[in-house]
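Undergrad: Please work out how this folds:
(chains A, B, C, D, E and F)
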There are 4 protein chains.
Amino acid sequence: MNAIRERRGAETAEAGERRPPRRPRRRMPESRRGELMDAAERLFLAKGVAATSVDDITTAAQVAKGTFYVYFPSRDALLAALQQRFVDGFCQRVDAALARRRTSDWNGRLRAWFATALDTLLDQLVLHDMLFHELGHDHRDLIHDNPVVTQLAALVSQGVAAGVWHAAEPRYIAIIMFHGMHGLADDLAAQAQSGNKAARKRLADTLFNTFSSAMRPLVP
Amino acid sequence: MNAIRERRGAETAEAGERRPPRRPRRRMPESRRGELMDAAERLFLAKGVAATSVDDITTAAQVAKGTFYVYFPSRDALLAALQQRFVDGFCQRVDAALARRRTSDWNGRLRAWFATALDTLLDQLVLHDMLFHELGHDHRDLIHDNPVVTQLAALVSQGVAAGVWHAAEPRYIAIIMFHGMHGLADDLAAQAQSGNKAARKRLADTLFNTFSSAMRPLVP
Amino acid sequence: MNAIRERRGAETAEAGERRPPRRPRRRMPESRRGELMDAAERLFLAKGVAATSVDDITTAAQVAKGTFYVYFPSRDALLAALQQRFVDGFCQRVDAALARRRTSDWNGRLRAWFATALDTLLDQLVLHDMLFHELGHDHRDLIHDNPVVTQLAALVSQGVAAGVWHAAEPRYIAIIMFHGMHGLADDLAAQAQSGNKAARKRLADTLFNTFSSAMRPLVP
Amino acid sequence: MNAIRERRGAETAEAGERRPPRRPRRRMPESRRGELMDAAERLFLAKGVAATSVDDITTAAQVAKGTFYVYFPSRDALLAALQQRFVDGFCQRVDAALARRRTSDWNGRLRAWFATALDTLLDQLVLHDMLFHELGHDHRDLIHDNPVVTQLAALVSQGVAAGVWHAAEPRYIAIIMFHGMHGLADDLAAQAQSGNKAARKRLADTLFNTFSSAMRPLVP
DNA sequence: GATGAATGAGGCTTCATTCAT
DNA sequence: TATGAATGAAGCCTCATTCAT
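TA: Modelled structure (predicted):
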């Protein structure tokens, strides 16, 4: 706080015309917090994280600027909340997909992994990039020390243990898979084809073929 | 690239009461632009792209603020120049490495590609990330329409044409290779092992084995 | 700095209509700094320190808001500068007045001290109060560990040593004198009579009589 | 006055993720107003008037923010109430002390005035300064048109009328006394000696001696 | 070419106060 | 009475960029 600059409101008052009536408040308590996050996500997508101000967000969410700070201590806190929400959603979707296959169906699960991850990512690729690339380094660990990579590495290890795959370094393979998948998704998006289902299938197939081939045991 | 330079201290001049008049420096005016780029690169590395102002850059480069705009039309233009410089350097190194192998030595060239790319990237991974991740979306096309990927795709295609490899989608494979390599590099860096030569070798081997295995022709 | 919120100017650009021509800058270099201090002083006097914003100040000084921060690192820094200027001026005036009397003219010098201090204070009493009362405690030491009090205490001590006055605690007396004088000045100002020369004289007389009487040696 | 109270810790509740619902407290509603004043006083002392928000106060008083406005029309009103409470307490203490002396014991009463005023002030000097210096000018009239000064002036006048003292301008003398006493109190506090009983006595003696000497009738 | 004072459009936060419940 | 979510006006400060010298 400043040395002086006494609390406002007092001397600012001057004339008696105290603030005009505001528009109705206290709408349905449908989580103002979630509404702010949604609005922010929409704007980030539309004009970029950097170009979106708190003002933009509150305007879009139809609340007063000050309301933002009722729900988030700072603009950065919103970013973090959005990231967490993204990762949680991603993991949930992939988990669910894998859970629908039998444990012993190794190739089926690997194929499902690629297909679901690709789908999930492409469905909100731009959002993902906004959230995780436009951020400082510190925040990107979420994607590096990723539960997703860990999960994938486990799948590979188990397949290797089961004798269906060969891989000297399961974790490395998992990383290559994850980032390879990511690169393809980016590429598709760069061609404005993220929505192209056939293209997605082709990508998933390429990934599956590439890695199942790469992990083909030497002695069949 | 000469990212490593004098390092004239932290340059944070504490804001003295009255700054002494800067002696008119009569260096080769040719070098000014490069000096600004070097200073910027140093600062970006040290405190991040977003946190570095034009003022910081000119102060570090020991020129007046206005001078910046003599050499760059805008702050963003400097960023672009830095990116270009990075990509050029990367390509040069990889090109040189490949050029040392016989054209027919496909596996040798692929192995060389991985090893060199990994080395080059790891040598300046932080800079790379600053330059290509902390940027708005518009600027990241450099990485998508990447000369590096194109070059790699060509290598794969030629190998396929020569009958030594099998790949239904050479470009996709190239993308997977590039991003897989990238992911491993990031991972190594995340473990603060970027300088570990043995680890680098292991990574390059994994990449080579994975993809040469993935591209193994069905009928040998 | 924020995690993101990339430097402005870039994406804010949007349309090509880059900032409109500004009004002529680079006026006479008649110390913009001093002009800002003067403007601030005027406003502080008129509406109070707390109620005066940086914006008000720059508007009054006819410079852009940003210009303020070219000359002062913060609003508080301006306050400090203003205080220093005030104390310096006060001391100078009183010193000059005392210097015009012979050293041996003890009563003359005491009388001169009261008259000059009262005058100086009353001439800018409101300013003084703004500057030193509306401030946090830390800043008020300027008035406590005051060069003025010290100087006054010295005068008393010397008079005592010379045998013309009696005072067991010269420093205490000096403090009482200083604050008593201050209280009378405040009182006069509270009656909107700060400009009343006759009243000032009466006050100075009262002070002189009171204290010369209080310090009358027991054995004349 | 009950400035010293429970002292429930620093009250800075760290802003937890979700605040637990405050249990509806059913205290004597009568005490609420006083509790708010006490909390405010504690906070003002601890962090300054300007740095203390209504929110801080209600949090410390363990009531909802809105409750504040049930008891005070504005933040300023609280300040005024606090000032009034202070002045009342001061006068009461001094009155009580004077009442213990015989009316005709002029010097005894003057001495008692100095001693009591000094004690009272020093006991809560910081609070006094917060309340009366950190305020805008408008509010400081309480100290100018001071009941304390008025009371003191009356004492002097009566003493003069009784022929025991000489003073051309009783009111001026009273002002000088009051502010001189104040200055000495500040000085003692500035040396962190407010609690030093011996020092207080010395100050009171100095004041009494100074002024009884100053008011010594010319013809004894 | 160089310079650096000046600009002014924002950005982020804070907080006194209101009012539906 | 009591509550606390919501408000929105202001405030301070940053910084890319311009331009007279």
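Undergrad: And the helices in chain A?
TA: All helices of chain A, identified by DSSP state H, fall at A:32-47, A:54-60, A:65-71, A:75-99, A:106-123, A:125-133, A:141-144, A:147-161, A:170-190, A:197-214.
Undergrad: looking at those, which one has the lowest mean pLDDT?
TA: Comparing mean pLDDT over these, the weakest stretch is helix A:141-144, at a mean of 52.
Undergrad: hmm, back to that, give me whichever of the helices of chain A is most buried.
TA: Looking across the helices of chain A with neighbours counted as mean count of other Cβ atoms under 10 Å in any protein chain shown, the highest average goes to helix A:170-190: a mean of 24. Every residue, glycine included, has its C-beta placed from N, CA and C.
Undergrad: Report the distance from that helix to the chain centre.
TA: Its chain's C-alpha centre and that of helix A:170-190 lie 15 Å apart, by Cα atoms, centre = their mean, to the nearest Å.
Undergrad: And for stretch A:85-101?
TA: 12 Å.
Undergrad: quick one, what contacts the residue nearest the centre of chain A?
TA: Among the residues of chain A, the one closest to the centroid is residue A:86, at 3.2 Å (Cα atoms, centre = their mean). Residues in contact with residue A:86 (Cβ atoms under 8 Å, 6 or more residues apart in numbering or on different chains) are A:124, A:127, A:128, A:131, A:132.
Undergrad: Outline the domain layout of chain A.
TA: A:27-72, A:82-214 (automatic domain parsing).
Undergrad: Take the ones you listed and write them to a markdown table, including distance to residue B:113.
TA: A markdown table is the format used below for those (distance: least, Cβ to Cβ, whole Å):
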| stretch | distance to residue B:113 |
| --- | --- |
| domain A:27-72 | 34 |
| domain A:82-214 | 15 |
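Undergrad: re earlier: next, give me the two most distant ones among the contacts of residue A:86.
TA: Within the contacts of residue A:86, A:124 and A:132 form the most distant pair, 11.4 Å apart (Cβ to Cβ).
Undergrad: Not counting its own residues, what contacts stretch A:187-203?
TA: Contact with stretch A:187-203 is made by A:115, A:118-119, A:122-123, A:125-126, A:184-185, B:141, B:144-145, B:169, B:172, B:175, as judged by Cβ under 8 Å, 6+ apart.
Undergrad: Run through those residues and flag the ones next to DNA strand F.
TA: Contacts with DNA strand F are made by none of those, judged by Cβ under 7 Å from any atom of the strand.
Undergrad: Most proximal residue of chain A with respect to DNA strand F?
TA: residue A:66 (1.6 Å; Cβ to the nearest atom of the strand).
Undergrad: What about residue A:104, how many residues nearby?
TA: 11 (other Cβ atoms under 10 Å in any protein chain shown).
Undergrad: Please report phi then psi for the residue nearest to it when sequence neighbours are not counted.
TA: Closest residue to residue A:104 apart from its sequence neighbours, by Cβ to Cβ, 6 or more residues apart in numbering or on different chains: residue A:162 at 7.6 Å. Main-chain torsions, residue A:162, degrees, to the nearest 10: phi -80, psi -10.
Undergrad: what's the pLDDT at residue A:162?
TA: On the pLDDT scale, residue A:162 gets 94.
Undergrad: that older thread, with residue B:78 as the reference, name the closest of the helices of chain A.
TA: Using Cβ to Cβ, the nearest of these to residue B:78 is helix A:125-133, at 19.9 Å.
Undergrad: tell me what that closest one is packed against?
TA: helix A:32-47, helix A:75-99, helix A:170-190 (3 or more Cβ pairs under 8 Å, 6 or more residues apart in numbering or on different chains; DSSP states H and E).
Undergrad: Verify the stated contact: residue A:204 with residue A:114.
TA: Yes: Residue A:204 is in contact with residue A:114 according to Cβ atoms under 8 Å; the separation is 4.7 Å.
Undergrad: if we can go back for a sec, surely the residue nearest to residue A:104 touches residue A:107?
TA: No: applying Cβ under 8 Å, one finds residue A:162 not in contact with residue A:107, separated by 11.2 Å.
Undergrad: Could you report the distance from the closest residue to residue A:98 other than its chain neighbours to residue D:69?
TA: In space, and not counting its chain neighbours, residue A:98 is closest to residue A:109: 5.6 Å by Cβ to Cβ, 6+ apart. With distances taken as Cβ to Cβ, to the nearest Å, residue A:109 is found 62 Å from residue D:69.
Undergrad: chain center to stretch A:157-164, what's the gap?
TA: 30 Å.
Undergrad: Repeat that for stretch A:73-84.
TA: 12 Å.
Undergrad: now swap in stretch A:161-169 and tell me
TA: On Cα atoms, centre = their mean, the centre of stretch A:161-169 falls 31 Å from that of its chain.
Undergrad: Endpoint to endpoint, that stretch covers what distance?
TA: 12 Å (Cα to Cα, to the nearest Å).
Undergrad: try stretch A:53-69
TA: 13 Å.
Undergrad: right, is it up against chain B?
TA: No: Stretch A:53-69 does not reach chain B (Cβ under 8 Å from any Cβ of the partner chain); its nearest approach is 14.8 Å.
Undergrad: now what about that stretch, what contacts it?
TA: A:22, A:32, A:35-36, A:38-40, A:42-43, A:47, A:75, A:78, C:5.
Undergrad: Throw the residues you listed into CSV and include distance to residue B:218, thanks.
TA: Below are those laid out as CSV (distance: Cβ to Cβ, whole Å):
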residue, distance to residue B:218
A:22, 72
A:32, 59
A:35, 55
A:36, 55
A:38, 50
A:39, 53
A:40, 50
A:42, 48
A:43, 50
A:47, 49
A:75, 55
A:78, 52
C:5, 53
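Undergrad: Closest to DNA strand E out of these?
TA: Out of the contacts of stretch A:53-69, the member with the shortest distance to DNA strand E (by Cβ to the nearest atom of the strand) is residue A:75, at 3.9 Å.
Undergrad: and the gap between the residue of chain A closest to DNA strand F and chain B?
TA: The gap separating residue A:66 from chain B is 26 Å, by Cβ to the nearest Cβ, to the nearest Å.
Undergrad: Distance of that residue relative to residue A:53?
TA: Relative to residue A:53, and taking Cβ to Cβ, residue A:66 is found at 14 Å.
Undergrad: pLDDT score assigned to residue A:140?
TA: Value for residue A:140, per-residue pLDDT: 48.
Undergrad: And the helices and strands packed on helix A:125-133: which comes nearest DNA strand E?
TA: Of the helices and strands packed on helix A:125-133, nearest to DNA strand E by Cβ to the nearest atom of the strand is helix A:75-99, at 3.9 Å.
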